[in-house]
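[1] here is a sequence with its predicted model. Questions after.
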There are 2 protein chains.
Amino acid sequence: MIDTSIEYKVHDLITNRFSPREFSAKIITDKKLLAILEAGRIAPSSFNEQPWRFIVANRTDETSFERLLSCLSPKNAEWAKNAGALVLSVAKKKFDHDNSLNRHAFHDVGLAVASMVFQAMSLDIYSHQMGGFSSEKARTTFNIPDDYEPVAVVAFGYLDKEFFTDERLKQQSSSPKNRKPMNEISFANTWGNEISLEHSIKRKD
Amino acid sequence: MIDTSIEYKVHDLITNRFSPREFSAKIITDKKLLAILEAGRIAPSSFNEQPWRFIVANRTDETSFERLLSCLSPKNAEWAKNAGALVLSVAKKKFDHDNSLNRHAFHDVGLAVASMVFQAMSLDIYSHQMGGFSSEKARTTFNIPDDYEPVAVVAFGYLDKEFFTDERLKQQSSSPKNRKPMNEISFANTWGNEISLEHSIKRKD
């Protein structure tokens, strides 16, 4: 039986990441926003297709920001209006090279976005990803072509430090994330077979 | 017109990442492999569904490793046989809570894998993701249920230092990645509209 209480040392920028709803009004500079986009741009992808596209709305660009905000579900818009920037990710559904369906399109968009999220964390900028938006409205609002599909909206921003007091942040980082235990997601040799890696750890530690 | 030669400072673990084919025979300890899986386990996902599953084959587990290797295309198997570990990612296609189709399943698997790739880099472990494998063979070999879909295979491993001499690594890290320019993937306000963020950078820098 796997002891799921074992903690594996993971990079701070990954463990400290969480999805806040309380963003400060602090502006994300264009330079930082570009560094975040650049982290996505250089991500790997199937056949180097780079199926990701991004509609970018820094809150300094009020028109774009409002347009993207209006595509969110009311519940999300309520807090996302305080984000520093909103980014809509879009996937190109077919490969450039032969127009066949790219079954990794969404996968690779997710990969690029994770890279952006990580880059943001390295700049002390947090993110909150949302599936709760109107894909149809986004398509119309931003004139997205048929061969592309809106995927998700990511809110980027600095933490509202009045809400996230040192005490609350400490609490946040020390409370376990609500996730399935390792033995429900990782299998060895065959489906459902729990990985036995831990046993060697127990021997060593 | 965007000057795509502008470089945005991105975190080393992202910029240094590349997908090698030349892995050393060095073993990845179970503890490190678990830290890599843990980075995926704690990734965010739509409705916190955590649609990712992983078949994990450390090369110390010869049977599992060979089984997973045999699912790869011959071209990939040729170099991936030297990897320290192979991980097959699998997506759960429907939501736990209402059995409806999870259109973000692949997206969220990609997101989790990117987190693992980044964690690996922090341990000096490189990765190479492959779409080139037989999904059907993987399903049969590992007894993957119908409501799950094999996504990709990731090879993890240390660099072969005889191949990646200091000189070659320097060359690798200094050569630009073959990617679409920023203005082809990022738009402001509407589709195809280039982001104007750079202009402010030019003014400031």
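    Cool, the structure landed. Numbering: from 1, shown residues only, chains lettered A, B, ... in the order given.

[2] which parts of chain A are strands?
    Along chain A, counting by DSSP state E, strands occupy A:52-58, A:85-92, A:126-130, A:148-157, A:186-188.

[3] can you redo the ones you listed as a markdown table with distance to B:Ser19, mean pLDDT and mean neighbour count?
    Bear in mind the C-beta positions are built from the backbone N, C-alpha and C, glycine included. Output for the strands of chain A, formatted as a markdown table (distance: least, Cβ to Cβ, whole Å; pLDDT from 0 to 100; neighbours: other Cβ atoms under 10 Å in any protein chain shown):
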| stretch | distance to B:Ser19 | mean pLDDT | mean neighbour count |
| --- | --- | --- | --- |
| strand A:52-58 | 17 | 97 | 26 |
| strand A:85-92 | 21 | 98 | 25 |
| strand A:126-130 | 25 | 98 | 23 |
| strand A:148-157 | 23 | 98 | 24 |
| strand A:186-188 | 22 | 93 | 22 |
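
[4] wait, which of those strands is closest to B:Glu184?
    B:Glu184 lies closest to strand A:52-58 among the strands of chain A, at 8.4 Å (Cβ to Cβ).

[5] so A:Leu88 touches A:Leu72, yeah?
    No: with contacts counted by Cβ atoms under 8 Å, A:Leu88 stays clear of A:Leu72, the gap being 9.9 Å.

[6] now the common contact residues for those two.
    Here A:Leu88 and A:Leu72 have A:133, A:153 as joint contacts, going by Cβ atoms under 8 Å, 6 or more residues apart in numbering or on different chains.

[7] quick one: distance of the longest helix seen in chain A to the chain centre.
    In terms of residue count, the longest helix belonging to chain A (DSSP state H) is helix A:105-122. Distance, stretch centre to chain centre, for helix A:105-122: 6 Å (Cα atoms, centre = their mean, to the nearest Å).

[8] contact partners for A:Arg67?
    Contacts for A:Arg67 (Cβ under 8 Å, 6+ apart) come out as A:57, A:141-142, B:189.

[9] how about 6 Å then?
    Neighbouring residues of A:Arg67 by Cβ atoms under 6 Å, 6 or more residues apart in numbering or on different chains: A:Thr141.

[10] with A:Glu49 instead?
    For A:Glu49, the contacting residues are A:Phe95, by Cβ under 6 Å, 6+ apart.

[11] one step back: redo the strands of chain A as CSV? Include distance to chain B.
    Below are those laid out as CSV (distance: least, Cβ to the nearest Cβ, whole Å):
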stretch, distance to chain B
strand A:52-58, 5
strand A:85-92, 8
strand A:126-130, 6
strand A:148-157, 6
strand A:186-188, 5
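
[12] any chance of those strands in TSV, plus distance to B:Asn183?
    Shown next, in TSV, are the strands of chain A (distance: least, Cβ to Cβ, whole Å):
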stretch	distance to B:Asn183
strand A:52-58	11
strand A:85-92	15
strand A:126-130	23
strand A:148-157	16
strand A:186-188	40
